[in-house]
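Trainee: Just need the structure, nothing else, for what follows:
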Amino acid sequence: MSKREQATWVALVTEALVAWYYFTSLQGFADPLDIYSVEMAGLIIKVIVISIALAIGGEIVLSVASRDVKDKVDADERDYMIDAKATRNAYYAVVVGVALLIGQIAVGEGWQMGLAERNIQITPILAAHILLALLIFAGFVKYGTRLFYYRRGY
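Mentor: Model prediction:
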């Protein structure tokens, strides 16, 4: 497994753990959509600190585990192609998700796409959480695409 593939695994696991922590912590709030609360500010600070600590810790573990000089090569055309495809796929995921969200908001007044029965309205705060989830999903798509192409061998 190459150093770039290992770093991608670290980034994917870090993002998954941080997203899991954030969204499960939201469940414990009395009003999870109150972005101006002290609890939300504390959660955001915790998420940022945890994310930075996990990323730095993962890179340190990778550096200590692979001290071989042969792993330290510059990026070649293959790496640039893999990054370009991964970024393209993540962009597509964000565009489709944002288009669906905008469509839901635009059409939401008359047709709630099944949400009316559950009495769920897309407020600006809920839209912000949905956009955050879309960005996290785009990161998963990007890292998943990278891993797919590194595993595929070209």
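
Trainee: Look up how far Ser63 lies from the residue positioned nearest the centre of the chain.
Mentor: In the chain, the centroid-proximal residue (C-alpha atoms, centre = their mean) is Ile136; its distance is 2.0 Å. Per C-beta to C-beta, to the nearest Å, Ile136 is found 26 Å from Ser63. C-beta: built from backbone N, CA, C; applies to glycine.

Trainee: what's the answer for Ala84, then?
Mentor: Look at Ala84 and Ser63: by C-beta to C-beta, they are 26 Å apart.

Trainee: Next: Thr8.
Mentor: Counting by C-beta to C-beta, the gap from Thr8 to Ser63 is 15 Å.

Trainee: repeat for Gly97
Mentor: Separation of Gly97 from Ser63 (C-beta to C-beta): 35 Å.

Trainee: Run a quick neighbour tally on Val95.
Mentor: Burial measure for Val95: 12 neighbouring residues, criterion other C-beta atoms under 10 Å.

Trainee: One more: His129?
Mentor: Other residues within reach of His129, judged by other C-beta under 10 Å, total 16.

Trainee: what does the model give the residue lying closest to Arg4 once chain neighbours are set aside for pLDDT?
Mentor: In this structure, Arg4 finds its nearest non-sequential neighbour in Asp79, 6.3 Å apart by C-beta to C-beta, 6 or more residues apart in numbering. With respect to pLDDT, Asp79 scores 86.

Trainee: which SS class is Asp79?
Mentor: At Asp79 the chain is in helix, as set by DSSP: H, G, I helix; E, B strand; the rest coil.

Trainee: Tell me the secondary structure at Cys122.
Mentor: Just so we're on the same page, residue 122 is Ile rather than Cys. Using three-state DSSP, the structure places Ile122 in coil.

Trainee: Neighbours of it, how many?
Mentor: There are 14 residues near Ile122, going by other C-beta under 10 Å.

Trainee: Nice, that's everything, thank you.
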